[in-house]
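Colleague: Quick one: sequence and predicted model below, then my questions.
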Amino acid sequence: MNVILITACPSGMATTFLAAKRLEQAAQRQGWSAHVEMHGEIAPLHAASAEQIANADLIVVAADHVPAPERFEGKRLFQAPIASALPDPSGFLAQAKREAPIYSAPVTSSAPAAASSDGGKRIVAVTACPTGVAHTFMAAEALAEAGKAMGHAIRVETQGSVGAQDILTEDEIAGADTVVLACDIDVDPSRFAGKRIYRTSTGNALKKPRPTLEAALSEAAIESGNSNAGTANKSVKEKGVYKHLLTGVSFMLPMVVAGGLLIALSFVFGIEAFEQEGTLAAALMQIGGGTAFALMIPVLAGYIAYSIADRPGIAPGMIGGMLAANIGSGFIGGILAGFLAGYVALAVTRYVKLPSSVESLKPILIIPLVASLVTGLTMIYVIGEPVAALLNALTSFLESMGSTNAVLLGILLGAMMCFDLGGPVNKAAYTFGVGLLASETYGPMAAIMAAGMVPAIGMGIASFVARNKFSAPEREAGKASFVLGLCFISEGAIPFAAKDPLRVIPACIAGGALTGALSMLVGAKLMAPHGGIFVLLIPNAITPALLYLGAIVAGSLVTGLSYAFIKRGAAQVAVAS
């Protein structure tokens with residue numbers, strides 16, 4: 001029997017992957033030939049071909065909706081929520097075989113359902129976090145579930161690390177009563193011009209989805225469509241410096257990851273092999289260190305300025321960032337250049353009035369010229385040299401500090417990574433580590449990534465060791481958390497921390513601080529700021545690899561075993577799919 005298995009959950013994370021694997025194994029035990037289509041982040045999408053669909057005897061969809069439903073017209077199709085597939089995949093498949101009807105695709109599958117008769121509203125939302133991984137999709141899931149529970153018709157678009165998914169259509173936006181932008185980075189609001197918009201963070205949407213939607217329905221206000229400012233009552237974190245900085249970091253991150261891994265690959269041929277001109281090692285170093293890393297600071301500054309002043313800020317921001325790199329003021333100078341360029345460009349946009357005949361020249365001539373001139377001269381004559389001296393002093397201190405200071409720094413960074421699981425303290429530590437990569441200081445980044453893996457892995461260990469204290473759904477959440485931890489996604493521990501913070505957070509901090517301390521003590525160096533345990537597969541991306549792995553294991557065991565010991569059996573964690 002030929003079957004196509006499709007899994008998808010709103011978070012797009014581990015549940016999608018786990019359900020697909022369990023259903024595939026169940027199908028193989030029954031002798032079925034299965035093609036698996038996972039709509040998530042952990043594995044790439046392998047969509048079923050037209051030929052596979054034509055030859056399929058059964059389509060099984062474990063999701064809230066059927067992806068691209070028109071392709072399954074006339075086939076036997078069974079659809080149920082993904083949560084019902086996890087406890088008994090064999091029974092789920094048996095039910096699908098027994099009950100699947102002939103499928104008729106809806107005429108307008110992407111349109112949101114009509115508002116309910118009891119006063120439900122049409123809501124569209126966008127979620128986006130700096131790294132575009134966990135918070136983006138978990139916040140989307142939380143909003144979708146809360147909206148349905150409240151009786152509203154809701155559609156959520158995610159702008160993650162692989163681009164926009166479940167993109168909102170023009171008709172959906174036009175028919176929406178309220179737009180919710182749960183974004184920690186800048187997103188283009190122009191397509192929502194004329195709509196009531198409510199702005200918040202992904203953290204608020206994830207932890208308090210129902211209050212977020214209630215506030216959106218009552219407080220949303222119409223924006224011009226070009227404004228980056230939120231509603232008047234939003235915090236500085238959500239609409240100010242914090243958001244602009246994280247926007248720059250999110251655009252810089254791919255440069256750092258690609259550059260770091262290419263440099264690591266050049267070391268495969270020998271630590272000094274790149275010094276031989278014309279060799280592959282030299283080419284890899286030129287691409288990674290000479291080009292990707294050279295673009296880090298200009299991109300950081302350019303997109304900080306973009307977050308502040310929209311497109312007119314990009315050119316002066318990147319010019320200021322390149323000057324910061326050339327002067328030697330590094331990521332600190334790049335951050336200052338980005339903010340300076342952005343606010344100068346914004347000031348020219350708002351306050352420089354020109355005759356209508358030449359107003360069109362402002363964005364392509366006046367703003368770039370004035371903002372670049374002010375930013376450049378300030379960087380050269382005022383900011384650049386003092387910041388370069390400060391960065392050199394910081395780098396020298398980090399390189400020359402003794403083991404005691406290294407351990408203390410590791411404890412601090414490790415604790416920060418585990419304090420709020422992807423929140424502002426976590427992001428502050430992460431940004432610090434990423435910024436130091438530009439000055440070839442790799443130790444802090446190693447401690448940061450190792451500690452960031454501990455909370456989610458630890459919760460997985462706890463749910464396995466103290467099985468009697470966790471219900472069956474909680475143990476499934478523990479498995480998902482373990483997988484997320486291996487991928488360096490601290491947010492996998494959020495469902496546990498949300499319900500039992502006074503026990504989970506201290507256990508996570510203890511394990512993260514130990515891992516950070518051990519990583520710094522052994523002198524671990526990390527070339528790429530993401531990828532989790534899988535970066536170990538690339539030679540020389542992490543050194544020394546075994547001791548670094550040992551630091552992660554030690555901290556994870558401390559977190560997992562300590563929480564297993566102190567957890568009360570009656571405390572039920574909130575499990576998200």
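Modeller: Perfect, I can see it now. Remember, it's a predicted structure, so these values are computed and weren't measured experimentally.
Colleague: alpha carbons only for contacts and neighbour counts from here, please
Modeller: Will do.
Colleague: List the contacts of stretch 176-194.
Modeller: 121-130, 139, 173, 195-202, 204-205, 213, 216-217, 220, 222-228, 238, 243-244, 246-247, 250, 307 (CA atoms under 8 Å, 6 or more residues apart in numbering).
Colleague: can you do 6 Å?
Modeller: For stretch 176-194, contacts defined as CA atoms under 6 Å, 6 or more residues apart in numbering pick out 122-129, 196-202, 222, 224-226, 243, 246-247, 307.
Colleague: Buried only: go through those for me.
Modeller: 122-129, 196-202, 243, 246-247, 307 (16 or more other CA atoms under 10 Å).
Colleague: Looking at those, which are in strands?
Modeller: Among the buried ones among the contacts of stretch 176-194, DSSP state E puts 122, 123, 124, 125, 126, 127, 128, 196, 197, 198, 199, 200 in strands.
Colleague: Please determine how far the fifth one is located from residue 311.
Modeller: What it means is residue 126. 21 Å (CA to CA, to the nearest Å).
Colleague: Show me what counts as buried in whichever strand or helix holds residue 35.
Modeller: Using DSSP states H and E, residue 35 maps to strand 33-38. The neighbour-count check on strand 33-38 (16+ other CA under 10 Å) flags 34, 35, 36, 37, 38 as buried.
Colleague: any idea how far that strand is from the chain center?
Modeller: 27 Å (CA atoms, centre = their mean, to the nearest Å).
Colleague: try stretch 321-341
Modeller: 25 Å.
Colleague: Which positions in that stretch come out as buried?
Modeller: With burial defined by 16+ other CA under 10 Å, the residues of stretch 321-341 counted as buried are 321-325, 327-341.
Colleague: ok, now stretch 149-162?
Modeller: 151, 152, 153, 154, 155, 156, 157, 158, 159, 160, 161.
Colleague: Also stretch 78-97?
Modeller: Judged by neighbour count (16+ other CA under 10 Å), stretch 78-97 contains these buried residues: 78-80, 82-83, 85-86, 89-90, 92-93, 96-97.
Colleague: Give the helix, strand or coil label for residue 155.
Modeller: Here residue 155 takes the strand state, with states given by DSSP: H, G, I helix; E, B strand; the rest coil.
Colleague: Bridge partners for it, pull those for me.
Modeller: Taking DSSP bridges, one finds residue 124 as the beta-bridge partners of residue 155.
Colleague: From residue 500, how far out is it?
Modeller: Distance of residue 155 to residue 500, given as CA to CA: 30 Å.
Colleague: for residue 385, same thing?
Modeller: 48 Å.
Colleague: again with residue 511
Modeller: 17 Å.
Colleague: the more surrounded of these two?
Modeller: Between residue 511 and residue 500, counted using other CA atoms under 10 Å, the more crowded position is residue 511 (34 against 17).
Colleague: element containing that one, please.
Modeller: Element membership for residue 511, per DSSP H and E: helix 501-521.
Colleague: Kindly list the single helix or strand of the protein that scores lowest on mean pLDDT.
Modeller: When the helices and strands of the chain are scored by mean pLDDT, DSSP states H and E, helix 236-239 comes last with a mean of 42.
Colleague: Residue 353 is in what secondary structure piece?
Modeller: Using DSSP H and E, residue 353 falls outside every helix and strand.
Colleague: Find the nearest non-adjacent residue to it, please.
Modeller: residue 359 (8.0 Å; CA to CA, 6 or more residues apart in numbering).
Colleague: residues near the one you found, how many?
Modeller: For residue 359, using other CA under 10 Å, the count is 12.
Colleague: The one 4 residues further on now?
Modeller: Under the neighbour criterion other CA under 10 Å, residue 363 is assigned a count of 16.
Colleague: That one in helix, strand or coil?
Modeller: Residue 363 - assigned by three-state DSSP - is helix.
Colleague: any idea how far it lies from residue 321?
Modeller: 20 Å.
Colleague: can you check residue 467 too?
Modeller: 52 Å.
Colleague: do residue 501 as well
Modeller: Following CA to CA, the distance that separates residue 501 from residue 321 is 40 Å.
Colleague: for residue 249, same thing?
Modeller: Distance from residue 249 to residue 321, by CA to CA: 13 Å.
Colleague: mind checking the longest helix of the protein?
Modeller: helix 241-267 (DSSP state H).
Colleague: For it, buried residues please.
Modeller: In helix 241-267, counting by 16+ other CA under 10 Å, buried: 242-267.
Colleague: gap between it and the chain center?
Modeller: Worked out by CA atoms, centre = their mean, helix 241-267 lies 13 Å from the chain centre.
Colleague: Return the set of buried residues in the following helix or strand past it.
Modeller: Following helix 241-267 in sequence order, the next helix or strand is helix 280-285 (DSSP H and E). Neighbour-count burial for helix 280-285 flags 281, 282, 283, 284, 285 (criterion: 16+ other CA under 10 Å).
Colleague: So what touches helix 280-285?
Modeller: Counting by CA under 6 Å, 6+ apart, residues outside helix 280-285 touching it are 262, 263, 266, 273, 274.
Colleague: from those, which single one is nearest residue 441?
Modeller: Checking the contacts of helix 280-285 against residue 441 by CA to CA gives residue 263 as the nearest, at 13.5 Å.
Colleague: mind listing what that closest one touches?
Modeller: Shown in contact with residue 263 (CA under 6 Å, 6+ apart): 285, 288.
Colleague: Then residue 206?
Modeller: 139, 142.
Colleague: Helices of the stretch 451-577 of the chain, residue ranges please.
Modeller: For the stretch 451-577 of the chain, the helices defined by DSSP state H, counting those that start in this stretch cover 472-486, 494-499, 501-521, 545-566.
Colleague: Would you mind giving those as CSV with distance to residue 530 and mean pLDDT added?
Modeller: Output for the helices of the stretch 451-577 of the chain, formatted as CSV (distance: least, CA to CA, whole Å; pLDDT from 0 to 100):
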stretch, distance to residue 530, mean pLDDT
helix 472-486, 11, 82
helix 494-499, 19, 77
helix 501-521, 16, 92
helix 545-566, 15, 93
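Colleague: Great, nothing more from me.
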